[in-house]
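> With the input below, show me the fold.
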Amino acid sequence: MEQFAIKLLGFAAATCTTLAYAPQFVKVWRTRSTDDISLGMFLVMVLGILLWLLYGLLSGDAPLIVANAITIVLAGGILLMKLKYG
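I've put the predicted structure just below:
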């Protein structure tokens, strides 16, 4: 597969997995309710996202860097709201 096509595939996958957090972030932001969100799951998830971001930075993989930089804001925001409103 051509390198450009592979990068496009990576960015398409990154877009899907990153945007998946947006509805939950908006819902928590509006309702200030995090009762149904697992603190343990989000702690592990945010750690995983940070590790993927570090991996992307070290390997120079643009889709990983962009996706995980945005996702850490969304998932990290949810985690912070869980800790605050929780």
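> State the helix or strand in which I78 lies.
Using DSSP states H and E, I78 maps to helix 62-85.
> Figure out how far that helix is from the centre of its chain.
5 Å (Cα atoms, centre = their mean, to the nearest Å).
> got a list of contacts for that helix?
Applying Cβ atoms under 8 Å, 6 or more residues apart in numbering, the contact partners of helix 62-85 are 7, 10-11, 13-15, 17-18, 21-22, 24-25, 28-29, 32-34, 37, 39, 42-43, 45-46, 49-50, 52-53, 55-57. No exception for glycine: its C-beta is placed from N, CA and C like everyone else's.
> what mean pLDDT does it have?
Averaging pLDDT along helix 62-85 gives 93.
> Dump that helix to PDB, keeping only the CA atoms.
Extracted C-alpha coordinates of helix 62-85, given in PDB (Å, rounded to 0.1, in the frame of the first residue of the first chain):
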ATOM      1  CA  ALA A  62       1.600  12.000  12.800                       C
ATOM      2  CA  PRO A  63      -1.800  10.200  13.100                       C
ATOM      3  CA  LEU A  64      -0.900   8.900  16.600                       C
ATOM      4  CA  ILE A  65       0.400  12.300  17.700                       C
ATOM      5  CA  VAL A  66      -2.600  14.300  16.500                       C
ATOM      6  CA  ALA A  67      -5.300  11.800  17.600                       C
ATOM      7  CA  ASN A  68      -3.800  11.300  21.000                       C
ATOM      8  CA  ALA A  69      -3.200  15.000  21.700                       C
ATOM      9  CA  ILE A  70      -6.800  15.700  21.000                       C
ATOM     10  CA  THR A  71      -8.100  12.600  22.800                       C
ATOM     11  CA  ILE A  72      -6.100  13.400  25.900                       C
ATOM     12  CA  VAL A  73      -7.900  16.800  26.100                       C
ATOM     13  CA  LEU A  74     -11.300  15.100  25.800                       C
ATOM     14  CA  ALA A  75     -10.700  12.000  27.900                       C
ATOM     15  CA  GLY A  76      -8.600  14.000  30.400                       C
ATOM     16  CA  GLY A  77     -11.400  16.500  30.600                       C
ATOM     17  CA  ILE A  78     -13.900  13.800  31.400                       C
ATOM     18  CA  LEU A  79     -11.600  12.400  34.000                       C
ATOM     19  CA  LEU A  80     -11.100  15.800  35.600                       C
ATOM     20  CA  MET A  81     -14.900  16.300  35.700                       C
ATOM     21  CA  LYS A  82     -15.300  12.800  37.200                       C
ATOM     22  CA  LEU A  83     -12.900  13.800  39.900                       C
ATOM     23  CA  LYS A  84     -14.600  17.100  40.500                       C
ATOM     24  CA  TYR A  85     -18.300  16.100  40.200                       C
END
